[in-house]
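> Turn this into a model:
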Amino acid sequence: MASVVVSKEVVISGTRDQRGEMTSIDRGTWPFAVEALGSHVTIQGLRFVRPKGGAIQVNAVSGLEIADCRVEGVEPIQNQDLRGVRVGMGIGISTTPLPPTPAEPGQPGNISGILSIVNNYIDAAGGTASDDTLGVLIFSVGKPPDREVDVYVSGNHISNVTERAVNIRQIGGRAYIERNIITTGSIAGAAGGGIAPDAIHAFGTGSYRIAHNSIQSDWANGAGIRVHAKFADWPIAGAIVVDNDVTMSASESAVFGTNSAGIEIRGFAQGSVVLNNRIRGRGRAALALVVQDTGVPGNNEFVSNDLEGFQPSIAGVFVDTGVTNTRVVGQKSKVQDGGIGTVIVRQGGKEK
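Numbering: from 1, shown residues only. Predicted coordinates for the structure are as follows:
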């Protein structure tokens, strides 16, 4: 359905007119689709006004830069692969039409190299509570040892999503999600009854660093940052979540869902470190470790996070039943602990 299909190495660059206005593309269904196996593609300096489906879709590439673009609203369109749910996004980079699973992983080797999604402005306004609208989606990219990826999602401004602002799921390589400014808006979309929504979602195998982001989440459900693995075959290990500023700003009358947290680690997640983050506002918990089906987090750490301005409905730190070997250091707020082998080190000494 794309308006323009990019199939070879190219630089597509907008210019500014005498008034400083950017080169603009008004509406259109997926104005650009990149299917350039083995080639490097750059798209920069373009303004997309309310595209249908999304602005840029990438299915095959070896090296990608999308920089300094603007997406001003999206028009969600029906996605038959998702049972007719209307979906819209700013930038979609994926080798599978559905969220990947170990049984159906897509073709991750079709996308490799350095993927830079930097300094873009994405306003995903246009979705309703029946739609899923996202900022940046990256599914099933990179295949070790010779088709790995280094993913940089950095310096972007993303707003008015109904599902996930940054959704990275199953990568063969490394992802750096840094210095983004995210304001979700208050509408939670069609996925809002499950684990989603969340502002930043890191899922599955790969190396993840989530740092120096500023997040305002207006949802009563969902998380500011979620580190997540649903499948035993695709665990997430060693994620670093550091120096983020998360404000959970649902209304004072909101009833918080069980997926509400400032920062959450869920499922088959091992060895993650959540360090020096600042969490403000209201929610079920500021920090949470959650069992999902048979997926039990283990050996994770919450260290020196600032929760002073957070009002929890259950506890500042929530450790689900059966979670193993959690270390909580330097938290003044209440810890609700159902875990095994939890160590709590408060200021002044060890508690448990």
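> Next secondary structure after the helix or strand containing residue 280?
Using DSSP states H and E, residue 280 sits within strand 278-290. Counting by DSSP H and E, the next helix or strand C-terminal to strand 278-290 is strand 301-303.
> by contact count, what packs against that following strand?
The contact analysis (3 or more Cβ pairs under 8 Å, 6 or more residues apart in numbering; DSSP states H and E) places strand 301-303 against strand 273-275, strand 327-329. C-betas here are computed from N, CA, C, even on glycine.
> Sheet partners, orientation included, of it?
The strands beside strand 301-303 in its sheet (DSSP bridges) come out as strand 273-275 (parallel), strand 327-329 (parallel).
> Just the buried residues of the first one, please?
For strand 273-275, the buried set under the neighbour-count rule, 16 or more other Cβ atoms under 10 Å, comprises 274, 275.
> could the strands paired with strand 301-303 be laid out in JSON lines, adding mean pLDDT?
As requested, these are exported to JSON lines (pLDDT from 0 to 100):
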{"stretch": "strand 273-275", "mean pLDDT": "98"}
{"stretch": "strand 327-329", "mean pLDDT": "97"}
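> how about these, which one is nearest residue 100?
strand 273-275 (25.4 Å; Cβ to Cβ).
> Centre of the chain to the closest one, how far?
17 Å (Cα atoms, centre = their mean, to the nearest Å).
> repeat for stretch 317-332
The answer for stretch 317-332 is 23 Å, by Cα atoms, centre = their mean.
> Going by neighbour count, which residues in that stretch are buried?
Neighbour count says stretch 317-332 has 317, 318, 319, 320, 323, 324, 325, 326, 328, 329, 331 buried, by 16+ other Cβ under 10 Å.
> Stretch 189-200 now?
Those would be 189, 190, 191, 192, 195, 196, 197, 198, 199, 200, for stretch 189-200 by 16+ other Cβ under 10 Å.
> quick one: which of those sit in strands?
Applying DSSP state E to the buried residues of stretch 189-200, the entries found in strands are 198, 199, 200.
> Out of those, which is nearest to residue 71?
Relative to residue 71, the closest of those is residue 199; by Cβ to Cβ it sits at 17.0 Å.
> ok, the closest one to residue 50 distance?
23 Å (Cβ to Cβ, to the nearest Å).
> what does residue 237 give?
Taking Cβ to Cβ as the measure, residue 237 and residue 50 are separated by 40 Å.
> Looking at these two, which is more packed in?
Comparing residue 237 with residue 50 by other Cβ atoms under 10 Å, the one with more neighbours is residue 50, at 18 against 15.
> Now compare the buried residues of stretch 189-200 and name the two farthest from each other.
Farthest apart among these - using Cβ to Cβ - are 190 and 200, which lie 19.6 Å from each other.
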